[in-house]
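# below are the sequence and a predicted model for it; my questions follow.
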Amino acid sequence: MNVFQRARRSVTRKPVKSILLFLVVFVISLFLLSGMASKTASINTQDKTRQAIGAGLSLEANETNRHKRIEKISKQIGEDKEGTLDGFYQKKIDTINGVQWQVGTDNSFETLKIDDIEKIAVVSGICDYNIRTATTPVNPVNFSRIEDEDIDQSTDMQGVCLVGNRDMQMDANVLSGNVSVKDGRMVGKNDVDVCVVSEELVERNGLQVGDKLQFNDYHNRENSTVYEAEIIGIYTVQQYMTPYMSGDTFRSENVIFTNLRFPEKAEGSENEPLYEKAYFKIEDVDTYDTVKEKVKEVDIDWERYDLIDNNGNYDAMSANFNDLERISEIMIMVIALASFIILFLVFVFWLKSRVQEVGIFLAIGIPKLQIIEQVLLEALMIAVVAVSISFLIAPTVSKLTANYLVEQQVAQEKEEKELDADKVGIDFQETEQEVTDITVHMTTQMMMLDGICILVLISLSVVMAGTSILRRNPKYILSEMS
């Protein structure tokens, strides 16, 4: 009888031990698969303050990826060195408290890449697109802004903010119906050095369509270059636009819409645009889901972006959702370590309970290595069945695990915000994001990796447990039989 036949008969002859090992391997496989699936889960999130953007898709920068890029470039420069690289800088400055480090980025680091936007714009089913700049604070030169006279303005930039659009008709505020033009027209694709201002600014300064407003860099009001933009429209709002930052500079009445490339000039960064959002209009609403999937297949660095749909939902990989990727990795390592310990103890118990069988094998001349090989074969026979069944149940368990981890992340974030609520004062509305769905993807690669992990864990456990038992000399093992 060869070693394989002995292993097969041993599995069926001792059902209790076989079932015990089956359950252990089954649970380990499920936990490993759940950890791997949670690490790459797709998390659908809704921004409650985001209004609908029409039958289209919006592209925005991903904040987590931004921080990762900063950390990577900082390490390339050197943690204790001054320098500039790829739009990021770090330098030492002298303060009253001693030497401090100052870090920052320029527009080239923060902007959406125009090449990526244009790749998405040519996807079949997309009929037009818009690019919107970041809200850019500038100094009003020849007109007055709206401000609250009862508030101390010493900490404010004391300016107005510009928002550039490739096509203003596709700005989110216009698509939602909140902003409409009461006189004149909106900014178009071919316009240069034009603006659309609020009716409040018009009334305060006695302005009209055709007048020219002047702006310059608020950091250097006296000496920076002044740029002019012609008023081509006057807009009104249904409700005040939520400011992105605190201060009267960013209040709704002081928002001025311009052509796409004007804000960079007025802030003193000509030829260095800062594109914050891109909107892609879908031609046929019935093909919305199909076009969205085509967009996801475009060859760009998707880790840099969030893709937002027309209901304010966006898809983000777990790596982009707080620390879920890191938590999943820790969970996998803990599971692997705990699994090894459990399997080792199982096989130690298994071999100790089979001391008579081992003694007989040794007495008839079967070598120790072949005995270990038989135990390993028995374990692998059981493991194949356990792992195969775990593949069927893993998607459900993985989704429950991912849901739990995300809920813990959301709860922790909420708790931190509540703790900081009395420390930080804000007079603008923060975005409130709600997790609407979590999708786990069970791939063939995950299953293969799970199988390899189980194989390695069982092999190491059997070898170590077998060595601890069989390193005793045959005479001692045979004496234990009595």
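Okay, I see it.

# neighbours around the nearest residue to Asp171 once chain neighbours are set aside, how many?
Spatial nearest neighbour of Asp171, excluding adjacent residues (C-beta to C-beta, 6 or more residues apart in numbering): Asn165 at 5.1 Å. Just so you know, the C-beta spots here come from the backbone N, C-alpha and C atoms, and that holds for glycine as well. Neighbours of Asn165 under the rule other C-beta atoms under 10 Å: 27.

# and Asn165, what are its bridge partners?
Arg132, Asn259 (DSSP bridges).

# which ones are touching Val174?
For Val174, the contact set (C-beta atoms under 8 Å, 6 or more residues apart in numbering) comprises Met168, Ser180, Met186.

# turn those residues into TSV, columns for pLDDT.
Below are those laid out as TSV (pLDDT from 0 to 100):
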residue	pLDDT
Met168	96
Ser180	94
Met186	97
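
# what's the ChimeraX line that selects buried ones from those residues?
The ChimeraX selection below is limited to those of those classed as buried (16 or more other C-beta atoms under 10 Å):
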select :168,186
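
# with respect to Thr444, which of the contacts of Val174 is nearest?
Met168 (47.4 Å; C-beta to C-beta).

# phi, psi of Glu297?
phi -90, psi -10 (degrees, to the nearest 10).

# what's stretch 293-300 in contact with?
Taking C-beta under 8 Å, 6+ apart as the rule, stretch 293-300 contacts 57, 113, 116, 119-120, 123-126, 280, 302, 307, 315.

# out of those residues, which are buried?
For the contacts of stretch 293-300, buried by 16+ other C-beta under 10 Å: Leu57, Lys113, Asp116, Ile120, Val123, Gly125, Ile126, Phe280, Trp302, Leu307, Asp315.

# can you verify my assumption that the fifth one contacts Val291?
By that I understand Val123. Yes. Counting by C-beta atoms under 8 Å, Val123 does reach Val291; the two are 6.7 Å apart.

# could you show me where the strands are in the stretch 251-400 of the chain, in order?
255-259, 275-282, 305-308, 313-317 (DSSP state E, counting those that start in this stretch).

# and the shortest one, what does it pack onto?
Counting by 3 or more C-beta pairs under 8 Å, 6 or more residues apart in numbering; DSSP states H and E, the packing neighbours recorded for strand 305-308 are strand 56-61, helix 288-296, strand 313-317.

# in its sheet, what does it sit against?
Assessed with DSSP bridges, strand 305-308 is paired to strand 56-61 (antiparallel), strand 313-317 (antiparallel).

# surely Leu57 meets Tyr279?
Yes. With contact defined as C-beta under 8 Å, Leu57 reaches Tyr279; the gap is 7.4 Å.

# how far away is Met170 from Asp156?
31 Å (C-beta to C-beta, to the nearest Å).

# low-confidence ranges in the stretch 301-450 of the chain?
310-325, 353-365, 367-368, 402, 405-441 (pLDDT under 70).

# same question for stretch 28-48, mean pLDDT?
Per-residue pLDDT over stretch 28-48 has a mean of 68.

# contacting residues for Arg8?
For Arg8, counting by C-beta under 8 Å, 6+ apart, the contacting residues are Met381.

# let me have the contacts of stretch 293-300 in a markdown table, extended by distance to Arg326.
Listed next are these as a markdown table, based on distance: C-beta to C-beta, whole Å:
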| residue | distance to Arg326 |
| --- | --- |
| Leu57 | 29 |
| Lys113 | 27 |
| Asp116 | 27 |
| Lys119 | 31 |
| Ile120 | 30 |
| Val123 | 33 |
| Ser124 | 38 |
| Gly125 | 37 |
| Ile126 | 35 |
| Phe280 | 32 |
| Trp302 | 20 |
| Leu307 | 23 |
| Asp315 | 20 |
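
# okay, Ile335 and Ala383: tell me how far apart.
Applying C-beta to C-beta to Ile335 and Ala383 gives a distance of 16 Å.

# looking at these two, which one has more neighbours?
Using other C-beta under 10 Å, the more surrounded residue of Ile335 and Ala383 is Ala383, with 23 against 19.

# can you count the residues close to the residue nearest to the more buried one when sequence neighbours are not counted?
Spatial nearest neighbour of Ala383, chain neighbours left out: Val25 (4.7 Å); criterion: C-beta to C-beta, 6+ apart. Residues lying near Val25 (other C-beta under 10 Å) number 27.

# show me what contacts Val25?
So Val25 contacts Leu343, Ile382, Ala383, Ala386, Val387, Ile454, Ile458 (C-beta under 8 Å, 6+ apart).

# ok, the residues you listed vs Thr444, which is closest?
Val387 (13.6 Å).

# so Asp148 touches Thr249, yeah?
No. If you go by C-beta under 8 Å, Asp148 and Thr249 don't touch, sitting 11.8 Å apart.

# more neighbours, the two?
Counted by other C-beta under 10 Å, Asp148 and Thr249 do not tie: Thr249 has more neighbours, with 24 against 11.
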